[in-house]
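Trainee: The following block contains a protein sequence and its predicted model.
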Amino acid sequence: MSATTLRRDRSVRLTAAAAVLIAVTGCTSGEAVSPGESTGTPVPSASPPPAHLANLLPGMPAPLRPDDIYAANRELSSAVADHRELVYVPNSRSHDVSVIDPATFQVIDTFPAGGVEPQHVVPSYDLQTLYVTNDLPIGGGSLLPIDPRTGKPGTSFPVRDPYNMYYTPDGRYALVVAEADRSLDFYDPVTWEKKHALPVPDCAGVDHMDFTADGRFALASCEFAGRMSVVDIAARTLVRTIDLPGGRHGMPQDVKLSPDGRTFFVADMHAGGIYTFDALTFDNTGFIPTGAGTHGLYVTRDSKQMLITNRDEGSISVWDFAAHGLVHKWFLPGGGSPDMGNISADGRTFWVSGRKHGEVYAIDIVDWKLLARIPVGDGPHGLTVWPQPGRYSTGHTGVMR
C-alpha cells in the first residue's frame, strides 16, 4: 500500500467519524484495564477528534487527552498497589535475571532466566505478570513469568523465538517478535496458543515497534535490513516496507510515538541518530544526529522530553517535544554502554543497562548525576523498572498508556 493510499484510507475513516459529534472516552489513570475493555470516564469533545484518533482500534481505551497519549502515565494504577518496587535485569550472556532494590541500589536476587539468551522483561497488558523473553530458537525459546507481588519467578513455558514482546492496544493478543523467524506471532495472552503468524520476510532482524495513537497500525524496525515495516494490527497484515535513507547500512532499533501521536521516532545505531516518520502517512520526515550507537527511546513522565541512549559513546541525549530539538547531552562518568531500560515511577531516576559492561546505571535525570553503577550478570539488556504508572502495557520494557 502506498503512502497516498494509506493516507486516503485513514482520511475516509476520519470523514465518517466527523459526521457526528462524539465523546472521547478513557479509563481513569488509577485503574488498570482488562483486554478488550474500553469503558471509563468520558471526556467530552466539542469537535471531531484529530486524524490520529478518528477511528480507534475496537476495544482499545482512548487516551485520556487527545494531545497526549501518555497522559495516564502520571499515576500508578490501583492494580499494582501490592507490587514490589524492583528493577529486573535480563542478562543475555549469563542467562539469568538480576533483581535490584532501587532503594539501596543493591542486587537482592539472581535467578535462572528459564531459557537461553534472555532479552527483555515485559509487563503484561493487565499489569499482573512480568515475562522474561528467552529468544534463542535452539530449544524453541520460552517465556518465564515473574510475579511482581513477590519478585519471584514461576515456571517457564515454550514460546517460539520471543526476542521481544508487545501487546496489541486492545489487549487481545500478545505480539511475539520472532526475530530469527522473521515473523510477528499473535498469541492468546491467557492460554498462550498461537492464533496467527504474520511473516515479514523482508524485515531481517525485526525487533522493536510502537503503535499509532489509534492502535490500528504498528511501525516495526528491521535491524539487519535497514528498513521499517508497517503492520495493520486489526487485519494482521503487512502494509508497507520502508527503506531508510542509509539503506542496508542503517541499523534501526527502538521506536517511539510522540505524545501528540503525530510522529514516530526511530533510533538507528549505525546512523548515530533518530529518524522521524509521519504517523499518518509513515513517510520519513527527517534525521537528527544524537551520538554513536543510538539505541533506546524513553518519554519522560511529564511527556515533555525523550531520553535517547547512545550506547557506543556512553551518552544520553535529551529531545524536547515543545522545542522540537535536542536540548541536552550527558556522558556517563568513566564511560559506559547505556542500552535499554526505563524511568522510575516518580520520573526522577533513569535505570538503564550497560550492555557491554555487565552493569546497570541509575541516573538522576533532574540534576543529571550518576547515582549508582551496579554490577550484574553478563550482557544486561532490556531491563524493566516495576511498577510503572499507566492503565495498560503495550509491552517491551514497559511502554505504558
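Mentor: That came in fine, so what should we check first?

Trainee: Helix or strand: which one has the closest residue in space to residue 325 that isn't next to it in sequence?
Mentor: Nearest residue to residue 325, sequence neighbours excluded (C-beta to C-beta, 6 or more residues apart in numbering): residue 319, at 7.3 Å. No exception for glycine: its C-beta is placed from N, CA and C like everyone else's. Residue 319 is part of strand 315-320 when elements are defined by DSSP states H and E.

Trainee: contacts for that strand?
Mentor: Contacts to strand 315-320, defined as C-beta atoms under 8 Å, 6 or more residues apart in numbering, come from residues 265, 274, 288, 290-291, 304-310, 325-332, 338, 350, 352, 363.

Trainee: Give me the phi and psi for residue 53.
Mentor: phi -130, psi 20 (degrees, to the nearest 10).

Trainee: Relative to residue 266, how far out is it?
Mentor: Distance, residue 53 to residue 266, by C-beta to C-beta, to the nearest Å: 22 Å.

Trainee: and those two? which has more neighbours close in?
Mentor: Set residue 53 next to residue 266 and count neighbours by other C-beta atoms under 10 Å: residue 266 wins out with 28 against 22.

Trainee: Report the secondary structure state of that one.
Mentor: strand (DSSP: H, G, I helix; E, B strand; the rest coil).

Trainee: Test my guess that it contacts residue 274.
Mentor: Yes. Here residue 266 lies in contact with residue 274, judged by C-beta atoms under 8 Å, at a distance of 6.3 Å.

Trainee: returning to what we had before: pull out the buried residues from the contacts of strand 315-320.
Mentor: 265, 274, 288, 290-291, 305-310, 326, 330, 332, 338, 350, 352, 363 (16 or more other C-beta atoms under 10 Å).

Trainee: What about the residues you listed, which are in strands?
Mentor: Under the assignment DSSP state E, the buried ones among the contacts of strand 315-320 contribute 265, 274, 288, 305-310, 326, 330, 338, 350, 352, 363 to strands.

Trainee: quick one: which of the residues you listed is nearest residue 280?
Mentor: residue 265 (15.1 Å; C-beta to C-beta).

Trainee: Surely the closest one touches residue 253?
Mentor: No. Residue 265 is not in contact with residue 253 according to C-beta under 8 Å; the separation is 10.8 Å.

Trainee: I'd like to know how many residues surround the nearest residue to residue 101 once chain neighbours are set aside.
Mentor: The shortest distance from residue 101 to any non-neighbouring residue, by C-beta to C-beta, 6+ apart, is to residue 108 (4.9 Å). The tally of other residues near residue 108 (other C-beta under 10 Å) stands at 12.

Trainee: Name the surrounding residues that touch whichever strand or helix holds residue 108.
Mentor: Taking DSSP H and E as the criterion, the element that holds residue 108 is strand 106-112. By C-beta under 8 Å, 6+ apart, the residues outside strand 106-112 that reach it are 86, 95-101, 151-153, 374-377.

Trainee: Neighbouring strands of it in the sheet, and parallel or not?
Mentor: Counting by DSSP bridges, the strands paired with strand 106-112 are strand 96-101 (antiparallel).

Trainee: CA-only coordinates of the partner strand, as CSV, when you get a sec.
Mentor: What follows is strand 96-101, C-alpha atoms only, in CSV (Å, rounded to 0.1, in the frame of the first residue of the first chain):
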residue,chain,number,x,y,z
ASP,A,96,19.9,-15.2,34.3
VAL,A,97,18.0,-12.3,35.8
SER,A,98,19.3,-9.9,38.3
VAL,A,99,16.9,-8.2,40.7
ILE,A,100,17.8,-4.8,42.1
ASP,A,101,16.3,-3.0,45.1
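
Trainee: Mind checking the pLDDT average for it?
Mentor: Averaged across strand 96-101, the pLDDT comes to 98.

Trainee: Pull out the buried positions in that strand.
Mentor: 96, 97, 98, 99, 100.

Trainee: for stretch 262-278, same thing?
Mentor: Residues 262-277 are the ones in stretch 262-278 that count as buried (16+ other C-beta under 10 Å).
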